[in-house]
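Novice: Sequence first, then the predicted structure, then my questions.
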Amino acid sequence: MAAASATTATPPPGVTGWFANQVANVGEFAMRRVAGIGDVAIFSLKTLGWIFARRQRRDVLLPAFYQIGVLSLPVVALTGLFIGMVLAVQSYAQFKALGLETRLGSVINLSLVRELGPVLAATMLAGRVGSAMAAELGTMRVTEQIDALESMGANPIYYLVVPRFLGCLVLIPTLTIMADFMGVLGGYLYSNVLLGIDYHHYWNNSREYVDAFDFLMGIFKSFFFGAAIALVSCHHGFHCDHGAEGVGRSATNAFVHSFVMILVLDLFLGIWLNNVHDFFRPEGPRKLL
Amino acid sequence: MQATATHKPIHREHPESPMLEIDDVSVQFGSQPVLRNISLTIPAGETLVILGESGCGKTVLLKTLIGLVRPTRGEVRFEGQSLSRMTERQLATIRTRYGFVFQGAALFDSLTIADNIAFPLREHTRIGEREIAEIVESLLLEVGLPRSAARKKPVQLSGGMRKRAGLARALALDPPLVLYDEPTTGLDPIMSDVINELILRVRAREGVTSIVVTHDMQTARKVADRIIMLYPLPRLDAGESQIVFEGTPEELDSTRDPRIRQFVEGRAGARLTELQDEQARLSEESP
């Protein structure tokens, strides 16, 4: 150790030393971030590789699907219902001032199926499913269960990540359909029962302005949200620090980073899908008002 | 062990090579060196005990032997085959010839004890479920667990029972090499001796090589053919070997090296003041 400490470079004193330290800190931060992104990319590629490398086991897939899909159903349904109702509450005053309250259905349902349904359902699932996956895998890392899998010649990505990834990829879009349905229902119930908007005009306007592309656009995005939640959360779980604090931190980071990914993906997929829409329908979107 | 007679028999693919060779292995995590120039040869059938105080790198060495930790320098050879040069798939195959008993047992929380023990059999063999159930039962019997434990989840068992279930899982594929990480830590003296007896019983299986990492002197004296003692790197001089002792249990008891005597006799000695000095230095450094 004496030899090691003798070779350690000491920073120059004064302002130069302080400046050199700051540059070194920025460099180290950048290196860590780049290495982190590379690590997530390799992790994702390994996961994709294991989907096709070996047939998935029913006894491993079903519990993951149950956890992600069935147990999330109530909370996603509730989220969807309230999004629909809140949209009706917030839009009503403006539409009424213009005398266009019968058009409420078009704006509620359009914003619901294109944006709010998929994004808020994914956000809710990043909290419920993503954090839980990160905490579960983190605990397995800390208690050496992941090492135990490896020591028995089993691949932890195949056993632990692939089922969760497939669960999120398949079930988050399915849950988004549920959120959309409940949102449409919530918006209608609030508009019709509490605001007294005629149901015929409400549905007629909705049908006129919301088409299959809008609905499919939201579902298409949710596939990416599902994949991002699974990969980010499982990666955080796999690289969890020791102790209860480490597990807690990995669960929190899994949610925060999944949420950021959802927002970034939503923006870029939104831009791209609008271009796709314009390509097939050069006349542009129909005017709501 | 009637049912285990149906197992793949213990055999050595390269009987002419030692079971394990550790060739000039160093491990470093970031800027922190943990192991330095470790070289060892472990012949088949031997029980090697690795002693050392907490944080000296014993567990890291054990995990390096199975490829869970990749050495920064040097290589580990299992029956003459270098682990460093293997692909992930080859490494997975070779690991079926190891049994690893983890410090906290590392049983899968979501599975029952029976499913935990059956896991390597389902993963690597085509044995039918009925035969797997028979093997699980015989392994439970071998480690002294009641049949009723099979249906329980790991959280429903005591620490000692979990350790024994972990041992049963490690033995499921009849491995020729079994690694034990702190097998008696956290157990009462009686349960510690039960585990020691089980280690001896496993050794009695034909050709089984055992490597036991521990700081329990009773375990070391009872099970070891050979003992090595690792010393923490920060307290060693630059050129000094990290293995400060290598010999039989009798030689360990008669050694005069004060570092080894202190460990064997369990005395705080100068370590107490060293720790206080270190604490004082750290508090001086922090603003």
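Specialist: Cool, the structure landed.
Novice: Where do the helices of the chain begin and end?
Specialist: All of this is about chain A. Along chain A, the stretches classed as helices by DSSP state H are A:2-7, A:14-53, A:58-68, A:73-97, A:104-111, A:117-125, A:131-142, A:145-151, A:156, A:162-189, A:199-209, A:212-238, A:243-280.
Novice: if you could check chain B rather than the one you did, that'd help
Specialist: Read by DSSP H, chain B holds these helices, from start to end of the chain: B:58-65, B:88-94, B:113-124, B:129-142, B:159-171, B:189-204, B:217-223, B:249-254, B:258-265, B:270-285.
Novice: Single out the most deeply packed of those.
Specialist: helix B:159-171 (a mean of 25; mean count of other Cβ atoms under 10 Å in any protein chain shown). C-beta here means a position set from N, CA and C on the backbone, and glycine is covered the same way.
Novice: Near chain A, which residues of the stretch 51-200 of chain B? Just list them.
Specialist: With the criterion set to Cβ under 8 Å from any Cβ of the partner chain, the stretch 51-200 of chain B comes near chain A through B:63, B:66, B:68, B:88, B:91-96, B:98, B:100, B:102-104, B:106-110, B:119-120, B:123-124, B:169.
Novice: redo that, cut-off 7 Å
Specialist: By Cβ under 7 Å from any Cβ of the partner chain, the part of the stretch 51-200 of chain B that sits against chain A consists of B:66, B:68, B:92-93, B:95-96, B:98, B:100, B:102, B:104, B:106, B:108, B:119-120, B:123-124.
Novice: Residue 207: neighbour count?
Specialist: As the question left the chain open, I've gone with chain A. Under the neighbour criterion other Cβ atoms under 10 Å in any protein chain shown, residue A:207 is assigned a count of 12.
Novice: my bad, chain B
Specialist: Around residue B:207 there are 16 other residues, counting by other Cβ under 10 Å.
Novice: and the residue lying closest to residue B:187 once chain neighbours are set aside, what pLDDT?
Specialist: Of all residues not flanking residue B:187 in the chain, residue B:160 sits nearest, at 5.3 Å (Cβ to Cβ, 6 or more residues apart in numbering or on different chains). Per-residue confidence (pLDDT) for residue B:160: 87.
Novice: what stretches of the chain score poorly on pLDDT?
Specialist: Going with chain A. In the predicted model of chain A, residues A:1-12, A:284-289 satisfy pLDDT under 70.
Novice: To clarify, I was referring to chain B.
Specialist: Within chain B, the set of residues satisfying pLDDT under 70 comprises B:1-17, B:206, B:270-272, B:274-275, B:278, B:282, B:284-287.
Novice: what residue lies at the spatial centre of it?
Specialist: Centroid-nearest residue in chain B, with Cα atoms, centre = their mean: residue B:180, separated by 2.6 Å.
Novice: list the contacts for residue 186?
Specialist: No chain was given, so I picked chain A. Neighbour list for residue A:186: A:80, A:81, A:82, A:83, A:84, A:85 [criterion: Cβ atoms under 7 Å, 6 or more residues apart in numbering or on different chains].
Novice: that's the wrong chain, I wanted chain B
Specialist: Counting by Cβ under 7 Å, 6+ apart, residue B:186 has contacts residue B:159.
Novice: Could you pull up phi and psi at it?
Specialist: Here the main-chain torsion angles of residue B:186 (degrees, to the nearest 10) amount to phi 80, psi 10.
Novice: For the residue nearest to the centre of chain B, give me its contacts.
Specialist: Taking Cβ under 7 Å, 6+ apart as the definition, contacts of residue B:180 comprise B:101, B:199, B:210, B:212, B:213.
Novice: if we go to 6 Å?
Specialist: In this structure, residue B:180 makes contact with B:101, B:212, judged by Cβ atoms under 6 Å, 6 or more residues apart in numbering or on different chains.
Novice: Repeat that for residue B:44.
Specialist: For residue B:44, counting by Cβ under 6 Å, 6+ apart, the contacting residues are B:19, B:209.
Novice: From residue A:54, how far off is it?
Specialist: Distance, residue B:44 to residue A:54, by Cβ to Cβ, to the nearest Å: 33 Å.
Novice: What about residue 86, how many residues nearby?
Specialist: All of this is about chain A. Neighbour number of residue A:86 under other Cβ under 10 Å is 16.
Novice: think we crossed wires, I meant chain B
Specialist: Counted with other Cβ under 10 Å, residue B:86 comes out at 16.
Novice: Apart from its chain neighbours, what residue comes closest to it?
Specialist: Residue B:86 sits nearest to residue B:94 (Cβ to Cβ, 6+ apart), 6.7 Å away.
Novice: can you tell me how far the one you found sits from residue B:79?
Specialist: Look at residue B:94 and residue B:79: by Cβ to Cβ, they are 9 Å apart.
Novice: ok, now residue A:59?
Specialist: Applying Cβ to Cβ, the value for residue A:59 to residue B:79 is 34 Å.
Novice: for residue B:37, same thing?
Specialist: Distance from residue B:37 to residue B:79, counting by Cβ to Cβ: 23 Å.
Novice: circling back to that earlier point, can you say which of the helices of chain B is nearest to residue B:153?
Specialist: Nearest to residue B:153 among these is helix B:113-124; the distance by Cβ to Cβ comes to 7.6 Å.
Novice: So which elements touch the closest one?
Specialist: Helices and strands touching helix B:113-124, as assessed by 3 or more Cβ pairs under 6 Å, 6 or more residues apart in numbering or on different chains; DSSP states H and E, comprise helix B:129-142, helix B:159-171.
Novice: what about it, distance to the chain center?
Specialist: Distance of helix B:113-124 from the chain centroid (Cα atoms, centre = their mean, to the nearest Å) equals 20 Å.
Novice: go on, stretch B:22-33?
Specialist: Averaging C-alpha positions (Cα atoms, centre = their mean) puts stretch B:22-33 18 Å from its chain's average.
Novice: would you turn the helices of chain A into TSV with distance to residue B:152?
Specialist: Rendered in TSV, the data for those read as follows (distance: least, Cβ to Cβ, whole Å):
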stretch	distance to residue B:152
helix A:2-7	50
helix A:14-53	31
helix A:58-68	18
helix A:73-97	30
helix A:104-111	51
helix A:117-125	33
helix A:131-142	19
helix A:145-151	17
helix A:156	24
helix A:162-189	24
helix A:199-209	55
helix A:212-238	26
helix A:243-280	24
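Novice: what would the helices and strands packed on helix B:113-124 look like in TSV with distance to residue A:90?
Specialist: Written out in TSV, the entries for the helices and strands packed on helix B:113-124 read as follows (distance: least, Cβ to Cβ, whole Å):
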stretch	distance to residue A:90
helix B:129-142	58
helix B:159-171	55
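Novice: Can you tell me what sits against stretch B:143-157?
Specialist: Contacting residues not belonging to stretch B:143-157 are listed as B:107, B:109, B:112, B:113, B:114, B:162, B:164, B:167, B:168, B:198 [Cβ under 6 Å, 6+ apart].
Novice: in that stretch, what's buried?
Specialist: B:143, B:145, B:149, B:150, B:152, B:154, B:157 (16 or more other Cβ atoms under 10 Å in any protein chain shown).
Novice: Looking at those residues, which is nearest chain A?
Specialist: Distances from those to chain A were compared by Cβ to the nearest Cβ; the smallest belongs to residue B:154, at 9.7 Å.
Novice: so who does the residue nearest to that closest one when sequence neighbours are not counted touch?
Specialist: Setting aside the residues directly before and after it, residue B:154 is nearest to residue B:107 in space (Cβ to Cβ, 6+ apart), at 4.0 Å. Residues touching residue B:107, when contacts are defined by Cβ under 6 Å, 6+ apart, comprise B:116, B:154, B:165.
Novice: So what does residue B:107 have for phi and psi?
Specialist: The phi and psi values for residue B:107, taken as degrees, to the nearest 10, are phi -80, psi 150.
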